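J.: coords below, sequence missing:
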């Protein structure tokens with residue numbers, strides 16, 4: 001059927017016949033019984049119709065939606081056909097939202113959405129439509145649609161297996177607890193956490209309080225996987241929070257109180273004991289701190305000690321650049337007038353950063369650290385001079401700490417990196 005309809009749609013003289021043939025087919029019981037995998041080919045045809053003749057395509061979508069009960073194939077046809085709309089078709093993407101998604105979903109409560117679209121995978125596709133709206137700069141519409149899914153029941157809030165997955169092959173909450181860090185983006189609330197980054201951009205300043213509120217809610221989610229996915233968006237949001245918008249005028253991306261709320265969310269996650277036992281989540285949370293270097297002495301020490309308290313070599317090794325930064329560079333960083341303006345609400349707490357306690361922490365890590373951590377320390381100091389080849393201080397710092405690593409005792413990975421450092425620097 002898909003091949004025949006495609007031929008009809010490819011010819012202007014038979015286009016209308018192609019539309020009629022497709023509509024007649026999806027009205028038949030045979031459509032609901034066909035293999036779900038094959039429905040994606042049918043969805044491509046409906047996508048073509050929507051792009052070619054939006055009103056006709058939207059009428060077909062509404063007819064499918066109006067069925068009393070949607071089969072899995074019906075749900076797939078709706079979600080896949082609109083998800084495949086080309087991103088450059090901005091007017092059509094907006095029309096689908098305004099004329100189909102908004103009026104239909106606004107009539108449904110959360111539980112009714114899940115009853116109407118009982119496949120969690122289909123609801124995931126709807127969340128991905130938020131990204132399409134954001135890419136067309138329709139941020140208000142994207143936010144309104146996203147809010148329909150942030151309380152979705154997927155993934156299970158108690159961390160249990162799906163009823164159709166008794167062995168837990170897709171229980172990412174449990175997999176994270178078991179140490180798995182090979183995660184894919186999945187689940188409805190997982191996608192909600194992921195798409196926040198597409199909304200935290202210049203042009204959506206008015207919507208940022210809503211983005212922050214959703215991030216705060218998801219940071220407390222009982223399912224480990226949702227909090228894990230949130231870290232990706234937080235990394236993006238944190239980097240942009242205390243910056244100016246492009247242009248000659250110094251217009252902050254966010255109000256200072258909103259920047260503070262974002263920082264509070266990050267530290268809430270850092271202090272959440274549930275996260276401390278999950279290797280992959282802690283590693284992602286450390287990445288978030290890559291954009292959070294403008295913190296106080298007390299906050300920096302809390303961050304590093306929390307990392308150390310996990311007693312996980314991979315986690316601590318991930319944070320090695322921060323041990324080095326706070327010990328050797330933070331004291332003289334964050335001094336410019338621009339930084340003072342952006343951090344005026346917390347300037348008193350960050351301006352007088354003293355690094356002595358961090359130097360001791362780094363030296364203790366060199367003496368007592370786990371193997372992967374020491375190897376990463378050696379790698380950091382081997383490559384440090386390459387960050388600014390005219391800065392002789394970097395070489396001195398590297399020599400100082402590589403000597404300390406060598407004095408601890410032989411470790412193959414550590415000594416190999418020390419050898420490479422000597423090899424590169426001996427003639428300089």
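T.: Good, I have the coordinates. These numbers were taken from a predicted model, which means no experiment stands behind them. Numbers count the residues shown, from 1 in each chain.

J.: for the residue lying closest to residue 331 once chain neighbours are set aside, what are its contacts?
T.: By the measure of Cβ to Cβ, 6 or more residues apart in numbering, the closest residue to residue 331 outside its immediate chain neighbours is residue 355, 4.3 Å from it. C-beta coordinates here come from the backbone N, C-alpha and C atoms, glycine included. Residue 355 makes contacts with 326, 327, 328, 330, 331, as judged by Cβ atoms under 8 Å, 6 or more residues apart in numbering.

J.: Only whichever of these are buried, select them in ChimeraX.
T.: Buried subset of those, written as a ChimeraX selection, criterion 16 or more other Cβ atoms under 10 Å:
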select :326,327,328,330,331
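
J.: Show me what secondary structure element comes after the helix or strand of the chain with the lowest mean pLDDT.
T.: The helix or strand of the chain with the lowest confidence, counting by mean pLDDT, DSSP states H and E, is helix 337-342 at a mean of 90. With elements assigned by DSSP states H and E, the helix or strand that comes after helix 337-342 is helix 347-350.

J.: so for the helix or strand that that following helix is followed by, what's the average pLDDT?
T.: Sequence-wise, the next helix or strand downstream of helix 347-350 (DSSP H and E) is helix 356-368. Mean per-residue pLDDT for helix 356-368: 98.

J.: can you state the direction angle for the helix or strand following helix 356-368 and helix 356-368?
T.: For helix 356-368, the following helix or strand on the C-terminal side (DSSP H and E) is helix 371-383. Relative orientation of helix 371-383 and helix 356-368, computed by axes from the mean of the first three to the mean of the last three Cα atoms, to 10 degrees: 120 degrees.

J.: Which positions within helix 371-383 qualify as buried?
T.: 372, 373, 374, 375, 376, 377, 378, 379, 380, 381, 382.

J.: so what does that helix touch, helix or strand wise?
T.: Other helices and strands packing on helix 371-383, by 3 or more Cβ pairs under 8 Å, 6 or more residues apart in numbering; DSSP states H and E, are helix 313-318, helix 320-328, helix 356-368, helix 392-408, helix 412-425.

J.: what residues does that helix touch?
T.: Under Cβ under 8 Å, 6+ apart, the answer for helix 371-383 is 313-314, 316-317, 320-321, 323-324, 365-366, 369, 397-398, 401-402, 405, 408, 411, 413-414, 417-418, 420-421, 424.

J.: Among those residues, name the buried ones.
T.: For the contacts of helix 371-383, buried by 16+ other Cβ under 10 Å: 313-314, 316-317, 320, 323-324, 365-366, 369, 397-398, 401-402, 405, 411, 414, 417-418, 421.

J.: And the nearest residue to residue 411 once chain neighbours are set aside, what's its pLDDT?
T.: With Cβ to Cβ, 6+ apart as the criterion, residue 411 has its nearest non-adjacent residue at 6.0 Å, and that residue is residue 374. In this model, residue 374 is scored at 97, pLDDT.

J.: and what of residue 336?
T.: 87.

J.: Just give me the neighbour total for it.
T.: Residue neighbour count, defined by other Cβ atoms under 10 Å, stands at 9 for residue 336.

J.: Just give the nearest non-adjacent residue to residue 157, would you?
T.: Nearest to residue 157 is residue 222, by Cβ to Cβ, 6+ apart, at 4.8 Å.

J.: Secondary structure element for the one you found, which one?
T.: Applying DSSP H and E, one finds residue 222 in no helix or strand.

J.: Now do the contacts for it.
T.: Counted by Cβ under 8 Å, 6+ apart, residue 222 has contacts 157, 158, 159.

J.: can you pick the most crowded of these?
T.: residue 159 (17 neighbours).

J.: In three-state terms, label that residue for me.
T.: coil (DSSP: H, G, I helix; E, B strand; the rest coil).

J.: how much space between the residue nearest to residue 157 and residue 270?
T.: 18 Å (Cβ to Cβ, to the nearest Å).

J.: How about residue 285?
T.: 6 Å.

J.: Give me the more crowded residue out of the two.
T.: residue 285 (28 against 20).

J.: Return the distance of the more buried one relative to residue 218.
T.: Taking Cβ to Cβ, one finds residue 285 at 14 Å from residue 218.

J.: that older thread, look up how far residue 397 lies from the residue nearest to residue 411.
T.: Relative to residue 397, and taking Cβ to Cβ, residue 374 is found at 17 Å.
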